[in-house]
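Student: Sequence and predicted structure below; questions after.
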Amino acid sequence: MKLSRPRISSPIRRNDEGRVALFGLTGMEWLKSIVALLLLYVVLAGFFTGMLFAGTGIRSAGGVFERPGTEFPSQIQT
């Protein structure tokens, strides 16, 4: 029984239309994918930045917050 190595093909090929493709995607498809991911990450970064500013604005507003049950500490039975 003769064992043979599997053939490892190159990631750069020509697709059915004759265009050069890297990992199955042409240059324009790579560009569209990268732009879509960049837009997604920009939207997510904007969302979390807005949440950060909202949280710090709420915390630094100087309001006094009390935990429930601590409004009348003289009535708490020990």
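Tutor: It's in. Here the structure is a predicted model, which is why all the values come from computation and not from measurement.

Student: Look up phi and psi at the closest residue to Val20 other than its chain neighbours.
Tutor: Among residues not flanking Val20 along the chain, Arg14 sits closest, at 6.0 Å (C-beta to C-beta, 6 or more residues apart in numbering). Just so you know, the C-beta spots here come from the backbone N, C-alpha and C atoms, and that holds for glycine as well. Note on Arg14: backbone dihedrals following degrees, to the nearest 10 are phi -100, psi 130.

Student: burial count for Arg14?
Tutor: Using other C-beta atoms under 10 Å, Arg14 has 9 neighbouring residues.

Student: who does the worst-scoring helix or strand of the chain on mean pLDDT touch, helix- and strand-wise?
Tutor: Between all helices and strands in the chain, the lowest mean by mean pLDDT, DSSP states H and E belongs to strand 12-14, at a mean of 83. Other elements packing on strand 12-14 under the criterion 3 or more C-beta pairs under 8 Å, 6 or more residues apart in numbering; DSSP states H and E are strand 20-22.

Student: Could I get the buried residue list for the strand it packs on?
Tutor: Neighbour counts over strand 20-22 (16 or more other C-beta atoms under 10 Å) mark Ala21 as buried.

Student: distance between it and the chain's centre?
Tutor: With C-alpha atoms, centre = their mean, to the nearest Å as the basis, strand 20-22 stands 27 Å off its chain's centre.

Student: Tell me where the protein is predicted with low confidence.
Tutor: 1, 61-78 (pLDDT under 70).

Student: Repeat the analysis, applying 90 as the threshold.
Tutor: 1-27, 55-78 (pLDDT under 90).

Student: roughly how far is stretch 19-29 from the heart of the chain?
Tutor: 25 Å.

Student: Give me the distance between the two termini of that stretch.
Tutor: 12 Å (C-alpha to C-alpha, to the nearest Å).

Student: Perfect, that will be all.
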